[in-house]
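>>> Next one to model:
(2 chains)
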2 protein chains.
Amino acid sequence: MPPINLAIVGVGKIVRDQHLPSVARSADFNLVATASRHGTIDGVPAYKTIDEMLDAVPSIDAVSLCMPPQYRYEAAHKALSAGKHVFLEKPPGATLSEVADLEAIAAARGVSLFASWHSRYAPAVEPAKAFLASTHIKSVEVIWKEDVRHWHPNQAWIWQAGGLGVFDPGINALSIITHILPKAAFITAATLEFPENCDAPIAAELHFKDADNLTIHAVFDWRQTGKQTWDIVAETNAGTMVLAEGGAKLSINGDLKFAEPEQEYSALYSRFAQIIKSGTSDVDIAPLRHVADAFLLGKRKSVAAFHD
Amino acid sequence: MPPINLAIVGVGKIVRDQHLPSVARSADFNLVATASRHGTIDGVPAYKTIDEMLDAVPSIDAVSLCMPPQYRYEAAHKALSAGKHVFLEKPPGATLSEVADLEAIAAARGVSLFASWHSRYAPAVEPAKAFLASTHIKSVEVIWKEDVRHWHPNQAWIWQAGGLGVFDPGINALSIITHILPKAAFITAATLEFPENCDAPIAAELHFKDADNLTIHAVFDWRQTGKQTWDIVAETNAGTMVLAEGGAKLSINGDLKFAEPEQEYSALYSRFAQIIKSGTSDVDIAPLRHVADAFLLGKRKSVAAFHD
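This next block holds a predicted model:
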């Protein structure tokens, strides 16, 4: 199979940091065009809008959509309707219903839709999943605490209604637990802390259980200065498992079992190529569904105003 | 096929008003037991819990779950795991994730799960759907305004987090539009008004569009005294369609085309018998997904405190 002609829409930080190096290393893809209001990439034909780009470059096979989620549906709809395969950055959309609609359009059009969850491809995630499958899990604790001023400086859109707030990183944790735990879980109670001047939460506490009454407790907090924590801790019959640093390191009872450099986006593009070749889609809505459930069910608490 | 032995869990107002008369009229069902903390039905064996009931009456084939949504998952899981068909009152659960889990359990167990939406069986809904399919729709307006003090006096749970607030009636409108409109739609913006002393909204305004850029505007309000309104108005190439009184009456350009007495619950039990006989499930999550999307995306506005 010849390389897949890829276009990228929404050229920003995540594209420069992650997508471009991974695509450059991949034998599966050729980058043939970009569309972005401001960003361009040296040596790659650049367009302002996805419409202009799709008109000008009919050889495009696939499109990666990397703009904020609020603008993703329209672009995805255009690309799928034009018969292009589509890679959605996480989260795949601003609502669950629009993602369901895109999934139906992709199926009807016979093209592949990939709702990507990069944290699922962190190096120690599969070893953690294998470990959990080999034992009995007694409880799970998720701790995702980071400094929003460091990671998202002056990003107004994340504080607006629909911007997800602390669930923007927290959904990475949810994408991991929905992949590594043996049974589907659901939220039974939640508290969301909204700064009094913001329309999105700065912290959240979630309680889940699954059909076997396994309890999962998650704390997301964007006010963490100093040490940053992205850990999933499981108490099991085979001891304490810590999946640390966002899925990069696995320890059992304090012994480091697995640590490799991360190559999440390379793995994502391999997966995208694979589903294109096999003519399938990969759309697991479970992480975003948990976020919507948290907003649906959660108690809102007003906390101190946040200023960048 | 002999009648299906039915049990009802959660004997309250909706059961006495709707379920019992419909089951009594149905040739498909025999009511053989109830489980409820307080309510009983004359002449029907009564148990306090679903566990006691399932143990004591092994001949039960199917169970209707009519308790508040917060308690539905556990009962549904028990009934499905015991090999019983399950009828869920609306909304089918407190979260989308738990309903997805129940659907998987029903499929694995080979029994039927019915997520019921009674308003879809209002008499003029099918004629409205047929009319809309025959023309081009230009815009849709949903107006659902009622007096919460009249319809839900002193129901503390509807004001708690997860209690849905004005979406408790509003989801009936959503269950109708997701059934009668030609394409799936999704919310693009929403405002939810929370009384300052409540954890659930008293009013909501929703903007939807679909893949063809049809716009849908919905207003739900629980502060309506005097005339109560449950109307869906569509501007079309064939004139103005009004589906009024919660789906009971259909008018085109002011001419009443269709009005019949409602028999929603009789139709629901016919549908439940039908899916049991055909060995299928009927779980359309779309109405609850729109509610979750509204909470996910919606801007929150604090309004005057509410006191019953």
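>>> Next to chain B, which bits of the stretch 151-300 of chain A? Give me the list.
The stretch 151-300 of chain A has residues A:161-162, A:184-188, A:190, A:194, A:199, A:210-211, A:286, A:289-293, A:295-300 near chain B, with proximity defined as C-beta under 8 Å from any C-beta of the partner chain. (C-beta placed from N, C-alpha, C; glycine too.)
>>> Can you flag which of those belong to strands?
Within these, residues falling in strands by DSSP state E are A:185, A:186, A:187, A:188, A:190, A:194, A:210, A:299, A:300.
>>> Give the ChimeraX command for selecting the buried subset of the residues you listed.
Per 16 or more other C-beta atoms under 10 Å in any protein chain shown, the buried members of those correspond to this ChimeraX selection:
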select /A:185,186,187,188,190,194,210
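>>> Go through the ones in strands among the residues of the stretch 151-300 of chain A next to chain B and name the one nearest residue A:95.
Closest approach between those and residue A:95, by C-beta to C-beta: residue A:187, at 17.8 Å.
>>> From residue B:97, how far off is the closest one?
Relative to residue B:97, residue A:187 is positioned 7 Å away (C-beta to C-beta, to the nearest Å).
>>> Identify the contacts common to those two.
Shared contacts of residue A:187 and residue B:97, defined by C-beta atoms under 8 Å, 6 or more residues apart in numbering or on different chains, are found at A:290, A:293.
>>> Assumed residue A:24 was part of a helix.
Yes - per DSSP: H, G, I helix; E, B strand; the rest coil, residue A:24 lies within a helix segment.
>>> and the nearest residue to it once chain neighbours are set aside, helix, strand or coil?
Setting aside the residues directly before and after it, residue A:24 is nearest to residue A:31 in space (C-beta to C-beta, 6 or more residues apart in numbering or on different chains), at 7.7 Å. At residue A:31 the chain is in strand, as set by three-state DSSP.
>>> Beta-bridge partners for residue A:31, please?
Taking DSSP bridges as the rule, residue A:31 bridges to residue A:6.
>>> looking at it, it is touching residue A:11, isn't it?
No - under the criterion of C-beta atoms under 8 Å, residue A:31 makes no contact with residue A:11, lying 11.0 Å away.
>>> Between the two, which contacts overlap?
Common neighbours of residue A:31 and residue A:11 (C-beta under 8 Å, 6+ apart) are residue A:41.
>>> quick one: pLDDT of the closest residue to residue A:148 other than its chain neighbours?
Nearest non-adjacent residue to residue A:148, counting by C-beta to C-beta, 6+ apart: residue A:222, 3.9 Å away. Listed pLDDT for residue A:222 reads 97.
>>> Can you get me a residue count around residue A:222?
28 (other C-beta atoms under 10 Å in any protein chain shown).
>>> cool, residue A:158 as well?
Residue A:158 has 20 nearby residues by other C-beta under 10 Å.
>>> That one: what secondary structure?
Secondary structure, three-state DSSP: residue A:158 is helix.
>>> Pop the domain breakdown of chain A in here.
Split into domains by automatic domain parsing, chain A comes to A:4-115, A:119-262+A:292-303.
>>> will you turn those into JSON lines that also has distance to residue B:205?
Listed next are the domains of chain A as JSON lines, based on distance: least, C-beta to C-beta, whole Å:
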{"stretch": "domain A:4-115", "distance to residue B:205": "16"}
{"stretch": "domain A:119-262+A:292-303", "distance to residue B:205": "13"}
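>>> Strands of the stretch 1-150 of chain A, start to end?
For the stretch 1-150 of chain A, the strands defined by DSSP state E, counting those that start in this stretch cover A:4-9, A:29-35, A:46-47, A:62-65, A:85-88, A:113-115, A:137-145.
>>> Mind giving me the packing neighbours of the fourth one?
In terms of contact count using 3 or more C-beta pairs under 8 Å, 6 or more residues apart in numbering or on different chains; DSSP states H and E, strand A:62-65 is assigned the packing partners strand A:4-9, helix A:72-81, strand A:85-88.
>>> Just the residues contacting stretch A:44-64, thanks.
Outside stretch A:44-64, the residues that reach it (C-beta under 8 Å, 6+ apart) are A:4-9, A:19, A:29, A:31-37, A:40, A:75, A:78-79, A:82, A:84-87, A:89, A:112, A:272, A:276.
>>> okay, how far is it across that stretch, tip to tip?
Stretch A:44-64 stretches 15 Å from its first residue to its last (C-alpha to C-alpha, to the nearest Å).
>>> Tell me the gap between that stretch and the middle of its chain.
24 Å (C-alpha atoms, centre = their mean, to the nearest Å).
>>> Any buried residues in that stretch, and which?
A:46, A:47, A:50, A:53, A:54, A:60, A:61, A:62, A:63, A:64.
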